[in-house]
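In: Predicted model and sequence below, questions to follow.
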Amino acid sequence: MTAAENVCYTLINVPMDSEPPSEISLKNDLEKGDVKSKTEALKKVIIIILNGEKLPGLLMIIIRFVLPLQDHTIKKLLLVFWEIVPKTTPDGRLLQEMILVCDAYRKDLQHPNEFIRGSTLRFLCKLKEAELLEPLMPAIRACLEHRHSYVRRNAVLAIYTIYRNFEHLIPDAPELIHDFLVNEKDASCKRNAFMMLIHADQDRALDYLSTCIDQVQTFGDILQLVIVELIYKVCHANPSERARFIRCIYNLLQSSSPAVKYEAAGTLVTLSSAPTAIKAAAQCYIDLIIKESDNNVKLIVLDRLIELKEHPAHERVLQDLVMDILRVLSTPDLEVRKKTLQLALDLVSSRNVEELVIVLKKEVIKTNNVTEHEDTDKYRQLLVRTLHSCSVRFPDMAANVIPVLMEFLSDNNEAAAADVLEFVREAIQRFDNLRLLIVEKMLEVFHAIKSVKIYRGALWILGEYCSTKEDIQSVMTEVRRSLGEIPIVESEIKKEAGEMKPEEEVTVGPTQKLVTEMGTYATQSALSSSRPAKKEEDRPPLRGFLLDGDFFVAASLATTLTKIALRYVSLLQEKKKQNSFVAEAMLVMATILHLGKSSLPKKPITDDDVDRISLCLKVLSECSPLMNDIFNKECRQSLSHMLSAKLEEEKLSQKKESEKRNVTVQPDDPISFMQLTAKNEMCSKEDQFQLSLLAAMGNTQRKEAADPLASKLNKVTQLTGFSDPVYAEAYVHVNQYDIVLDVLVVNQTSDTLQNCTLELATLGDLKLVEKPSPLTLAPHDFANIKANVKVASTENGIIFGNIVYDVSGAASERNCVVLSDIHIDIMDYIQPAACTDAEFRQMWAEFEWENKVTVNTNIVDLNEYLQHILKSTNMKCLTPEKALSGYCGFMAANLYARSIFGEDALANVSIEKPIHLGPDAPVTGHIRIRAKSQGMALSLGDKINLSQKKTCL
């Protein structure tokens, strides 16, 4: 039986608070009550029968007093009742009373009301007794000609199920339905009839399709979907039929229904690998993404495009559609934009990179004009990173991109500006021809930078790459302008004391207000509290940072001034100008030191910053060649090494990716020619419709690892002991959002066990979907019970419970066997993922739950311990391999993973090798885990604690 033919159930809600009614009261209600009380009584009878009671005494009462009623609710309830009631005697013969029931349904099939006819036809689909169906066949056939489409389409379904289960009752069903299909006008009736022909007589279905293949576009979407499925199945089984139907699939790409277009595009890709077919399918996918408003649909279709790209032969076709793919950026959803940009970046080539860059530049400028929104900032970051990647891969583009991006250094969003700065730093180091342009642009935007972090980075770039006298002078001018009047301490005290009037004040930066809003002068005692807001705004940026107590930027400034002063001395021969420039640089450093030691800043200068500035002053006073080399050569070499390592890592990951995608063919591999392939070999390929149906139902078969320990047997949990009267074990199958427990129950006694019920309960974020139904187990018999558990988040969960049963013929109480707990492993939901250092630090600061795990292991090697933790927690190490290589007795690494529910998990491993305890001493240290939810942090900590020690196999 295929997944599509699984039994469909009617779910009935049972109120648990009511007392079970007696058979006598039910009999009275069914016999003498009014329509309302008969309806309630019939509902109670259905619930009692579902719970395992037989109630044979009520069967004749219902036939005599309830069956003749014409009330629609009662008729609907009777359909459920006849579906569940036992219809045979213990020896398997049909009950005599069922003849009366059969006659009643023959009348219902001729009823003037179409609802009653249609409902009865649906009920007949569920009957499994041929003796009951045989007398009804003429009436069922007559329903095919009923005036109402509801009756006709249910008649087709009834004929299909009867033909499938009891072919002898209606042997001419395919012919009958084919004739019906030719003359039918209603779309739903045609769809049901065509679906029946596909499964019952495929040749007739193909004959019908051949007669109307040119009108397919005019059919309803439900019929078009079935036609797509038929064409796929026929071509999958018999490839020679492709030419006959591929034109029809092309036509269906133009359908008005998005569902039909999606299925047709997917079918076209599986049937043909011709560039025109791939292009048509991809174009169809892109149109769907743009036109559909639902973001989930957009993401699903984008995934299909990404799957297409993974095929090496299709990649070149998709490269021509990059500009069409970029139309998807009009979607406001960030996740869709992220996937689109990644896809475009993967497909970009030298032929279309210029157009891509133009579009991305427009998008960047657009984000500047949009009112600030959380996603706008993130989108701008995405665009900056994409342009960065384009410029690295295609250096010719960098000159076009840099001027636009450098405008964003003055952006309020520090993350986007930091990305731009990182890009500029890489570009200025790699592309010598762009250095003058970048320095010039940097000097233009320097005074507008608002973030201290970006300011520090900009200072470093200017200090490192200004190589002409004019540029060095410009940097000094910008620094003085940004610092304001110096000495800083004296000028600040004068302003606060009110000794300087506004018109007397002369500064390099903007003019400053000296009087408060109340018209009084600000005194030194009220410096921190009553300083006017306007005054703080008007301060030059660097002066503002320093007065706020951020002296790290001062240390960075000192290094920059030292570099440019040493370079200026080497460029200029005139001693007077050399000394003048060096003295100016030293004055700036000295006044900053003075400010740091005074009480003016909100926070005093740190000792580290004092040491750095003092060192720079000493270097400038001595001007030794060694220091000149360290400041002006070694720094740049360090950056060069870092960028080279980064580039090498990127190339390595790209190489691995391309190796993964390239299909390698061994010299002695057989060559498969499609024209020479036998039909049965073609059928061995996977049926995409069946696979997608299995995936939707959560029954996808995972590829088991070659290691026998990772096979199904590893997931079997023993629930009871071998000496218990009932032995039980469960296979735990984890799908994405639910867990299926397949429990094997074995009766180890010589008694019949009745009402054997598996009762389960859960702890954690787990929820039992349905209560497993009771079983009757013969002596030494066994059965399988399936239970579904829904999972809501990444947290260790426990499923516990018991098996209760009655022994046949025994008068004792119900027996109970307690089951062992089933622990749900968090590792089934955690997948390795990657993020940038900046994102890691941001999440580390934001996440409130931390779990500190002490290292307690028998592993003696640092690297081996790290690999062991990565393997047991499913996390990815973000720290580069080069940073972890070598041996120095300690190690620090950042780990990251994401759950299938979108939860992030961060970990920082800080471990060392205690050398004083000898070479065989185990690794010591701590692992700090951070997550957004408490459950995730605790569960991951428990997992690490359980798997820290290496077990010897």
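Out: Right, received. Where do you want to start?

In: For the rest of this, base every contact and every neighbour count on C-alpha atoms.
Out: Fine.

In: Now the residue nearest to residue 571 when sequence neighbours are not counted. Its backbone dihedrals?
Out: Computed as C-alpha to C-alpha, 6 or more residues apart in numbering, the closest residue to residue 571 that is not its neighbour in sequence is residue 469, at 7.1 Å. Here is the backbone geometry of residue 469 (degrees, to the nearest 10): phi -60, psi -40.

In: correct me, but residue 469 touches residue 568?
Out: Yes. Contact criterion C-alpha atoms under 8 Å: residue 469 and residue 568 qualify, at 6.5 Å.

In: Comparing the two, which residue is more hemmed in?
Out: residue 568 (22 against 15; other C-alpha atoms under 10 Å).

In: Does that one lie in a helix or a strand, and which?
Out: helix 552-571 (DSSP states H and E).

In: Could you list the buried residues of that helix?
Out: 552-569 (16 or more other C-alpha atoms under 10 Å).

In: Please enumerate the strands of the stretch 801-950 of the chain.
Out: 815-818, 822-824, 830-832, 849-854, 876-877, 890-899, 904-912, 924-931 (DSSP state E, counting those that start in this stretch).

In: which residues in the stretch 301-450 of the chain form helices?
Out: Using DSSP state H, counting those that start in this stretch, the helices found in the stretch 301-450 of the chain span residues 312-319, 322-325, 334-347, 353-369, 374-393, 398-406, 414-430, 435-445.

In: could I get these as JSON lines with mean neighbour count?
Out: Listed next are the helices of the stretch 301-450 of the chain as JSON lines, based on neighbours: other C-alpha atoms under 10 Å:
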{"stretch": "helix 312-319", "mean neighbour count": "18"}
{"stretch": "helix 322-325", "mean neighbour count": "20"}
{"stretch": "helix 334-347", "mean neighbour count": "18"}
{"stretch": "helix 353-369", "mean neighbour count": "16"}
{"stretch": "helix 374-393", "mean neighbour count": "19"}
{"stretch": "helix 398-406", "mean neighbour count": "18"}
{"stretch": "helix 414-430", "mean neighbour count": "20"}
{"stretch": "helix 435-445", "mean neighbour count": "17"}
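
In: how close does the nearest residue to residue 347 once chain neighbours are set aside get to residue 113?
Out: Spatial nearest neighbour of residue 347, excluding adjacent residues (C-alpha to C-alpha, 6+ apart): residue 319 at 5.2 Å. In this view, residue 319 and residue 113 are 60 Å apart by C-alpha to C-alpha, to the nearest Å.

In: Residue 79 too?
Out: Residue 79 sits 16 Å away from residue 113, going by C-alpha to C-alpha.

In: So if I had to pick from those two, which one is more boxed in?
Out: A count of neighbours by other C-alpha under 10 Å puts residue 79 above the other of residue 79 and residue 113, at 17 against 12.

In: ok, that one touching residue 120?
Out: Yes. Counting by C-alpha under 8 Å, residue 120 is a contact partner of residue 79 at 7.3 Å.

In: Name the residues linked to residue 802 by a beta bridge.
Out: Assessed by DSSP bridges, residue 802 has beta-bridge partners residue 759, residue 818.

In: and it, what does it touch?
Out: 758-760, 816-819 (C-alpha atoms under 8 Å, 6 or more residues apart in numbering).

In: Which one of these sits in the busiest neighbourhood?
Out: residue 758 leads the contacts of residue 802 on contacts (other C-alpha under 10 Å) with 23 neighbours.

In: distance of that residue from residue 564?
Out: Taken as C-alpha to C-alpha, the span from residue 758 to residue 564 is 80 Å.

In: before we move on, what about residue 804?
Out: Residue 804 is 85 Å from residue 564, by C-alpha to C-alpha.

In: before we move on, what about residue 861?
Out: Distance from residue 861 to residue 564, counting by C-alpha to C-alpha: 46 Å.

In: Could you do residue 271 as well?
Out: Residue 271 is 66 Å from residue 564, by C-alpha to C-alpha.

In: before we move on, what about residue 889?
Out: Per C-alpha to C-alpha, residue 889 is found 39 Å from residue 564.

In: ok, now residue 364?
Out: Distance, residue 364 to residue 564, by C-alpha to C-alpha: 33 Å.

In: Please apply the same query to residue 720.
Out: Taken as C-alpha to C-alpha, the span from residue 720 to residue 564 is 79 Å.

In: Equivalent analysis for residue 179, please.
Out: 92 Å.

In: Please apply the same query to residue 830.
Out: With distances taken as C-alpha to C-alpha, residue 830 is found 50 Å from residue 564.

In: which sections of the stretch 501-650 of the chain are below the confidence cut-off?
Out: In the predicted model, the stretch 501-650 of the chain carries pLDDT under 70 at residues 501-538, 625-634, 636, 647, 649-650.

In: Can you dump the C-alpha atoms of stretch 848-865 in CSV for me?
Out: Taking Å, rounded to 0.1, in the frame of the first residue of the first chain, the C-alpha atoms of stretch 848-865 are listed here in CSV:
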residue,chain,number,x,y,z
GLU,A,848,20.8,35.7,29.1
TRP,A,849,21.1,32.0,29.9
GLU,A,850,24.6,30.8,30.6
ASN,A,851,25.7,27.3,31.7
LYS,A,852,29.3,26.8,32.9
VAL,A,853,30.5,23.3,32.6
THR,A,854,33.8,22.2,34.3
VAL,A,855,36.0,20.0,32.1
ASN,A,856,36.3,16.6,33.6
THR,A,857,37.8,14.2,31.1
ASN,A,858,40.4,11.5,30.7
ILE,A,859,41.7,13.0,27.3
VAL,A,860,45.2,14.4,27.6
ASP,A,861,45.5,16.3,24.3
LEU,A,862,43.9,19.7,23.8
ASN,A,863,43.0,19.3,20.2
GLU,A,864,41.7,15.8,20.6
TYR,A,865,39.4,17.0,23.4
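
In: going forward can the numbers begin at 834, since that is how I track them
Out: From this message on, residue numbering opens at 834, which makes the last subject stretch 1681-1698.

In: what's next to that stretch, contact-wise?
Out: Stretch 1681-1698 is contacted by residues 1717, 1723-1724, 1744-1746, 1752-1767, 1770-1771, 1774, 1777-1778, 1781-1783 when judged by C-alpha under 8 Å, 6+ apart.

In: what about the stretch 1534-1683 of the chain, any weak spots by pLDDT?
Out: Scanning the stretch 1534-1683 of the chain for pLDDT under 70 picks out 1534-1545, 1569, 1626-1627, 1642-1645.
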